[in-house]
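# 3D, please:
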Amino acid sequence: MTKPANRFDLEQAILNCWGVSDDLRMAAGVEGNVSLLLAIAELYDARFEVLFKILTTMIEERKFKNEKS
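I've put the predicted structure just below:
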């Protein structure tokens, strides 16, 4: 059974996604980087899916402080 998502999970998922810029800059400097860039795109698709799942779960569970019934 997975634990319920909380604001710290959401924050960590957002921070993980922010690494995309650095990763793409690094890949741009590598010779023959097309397959590397495609692999990075797949990685970030997965990270953003995790982020969106955490966000939607938190919304459904009304985890945001200012949300009213």
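# top helix in the protein by residue count?
As assigned by DSSP state H, the longest helix anywhere in the chain is helix 34-60.
# just checking, what packs against that helix?
helix 7-18, helix 20-28 (3 or more Cβ pairs under 8 Å, 6 or more residues apart in numbering; DSSP states H and E). C-beta coordinates here come from the backbone N, C-alpha and C atoms, glycine included.
# turn those into JSON lines, including distance to residue 46.
Shown next, in JSON lines, are the helices and strands packed on helix 34-60 (distance: least, Cβ to Cβ, whole Å):
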{"stretch": "helix 7-18", "distance to residue 46": "10"}
{"stretch": "helix 20-28", "distance to residue 46": "12"}
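# what's the closest non-adjacent residue to residue 33?
Nearest residue to residue 33, sequence neighbours excluded (Cβ to Cβ, 6 or more residues apart in numbering): residue 27, at 5.0 Å.
# distance check, the one you found against residue 47.
15 Å (Cβ to Cβ, to the nearest Å).
# please apply the same query to residue 53.
Distance of residue 53 to residue 47, computed by Cβ to Cβ: 11 Å.
# neighbour count: these two, which is higher?
residue 47 (17 against 13; other Cβ atoms under 10 Å).
# that one reaches residue 16, doesn't it?
Yes - using Cβ atoms under 8 Å, residue 47 is in contact with residue 16, at 5.4 Å.
# before we move on, the earlier item: how far out from the middle of the chain is the longest helix of the chain?
In terms of Cα atoms, centre = their mean, to the nearest Å, the centre of helix 34-60 is set 5 Å apart from its chain centre.
# just want the angle from that helix to helix 20-28.
Direction vectors for helix 34-60 and helix 20-28, defined by axes from the mean of the first three to the mean of the last three Cα atoms, to 10 degrees, enclose an angle of 170 degrees.
# tilt between helix 34-60 and helix 7-18?
Inter-element angle recorded for helix 34-60 and helix 7-18: 160 degrees (by the same axes, to 10 degrees).
# alpha carbons of the least confident helix or strand in the chain by mean pLDDT, in PDB - could you do that?
The least trusted helix or strand in the chain, going by mean pLDDT, DSSP states H and E, turns out to be helix 20-28, with a mean of 79. In PDB, the C-alpha atoms belonging to helix 20-28 read as follows (Å, rounded to 0.1, in the frame of the first residue of the first chain):
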ATOM      1  CA  VAL A  20      15.400  19.100 -17.100                       C
ATOM      2  CA  SER A  21      17.100  22.300 -18.200                       C
ATOM      3  CA  ASP A  22      20.600  21.300 -16.900                       C
ATOM      4  CA  ASP A  23      20.200  17.800 -18.400                       C
ATOM      5  CA  LEU A  24      19.300  19.100 -21.800                       C
ATOM      6  CA  ARG A  25      22.100  21.600 -21.800                       C
ATOM      7  CA  MET A  26      24.600  18.900 -21.000                       C
ATOM      8  CA  ALA A  27      23.100  16.600 -23.700                       C
ATOM      9  CA  ALA A  28      23.400  19.400 -26.300                       C
END
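# perfect, I'm done here.
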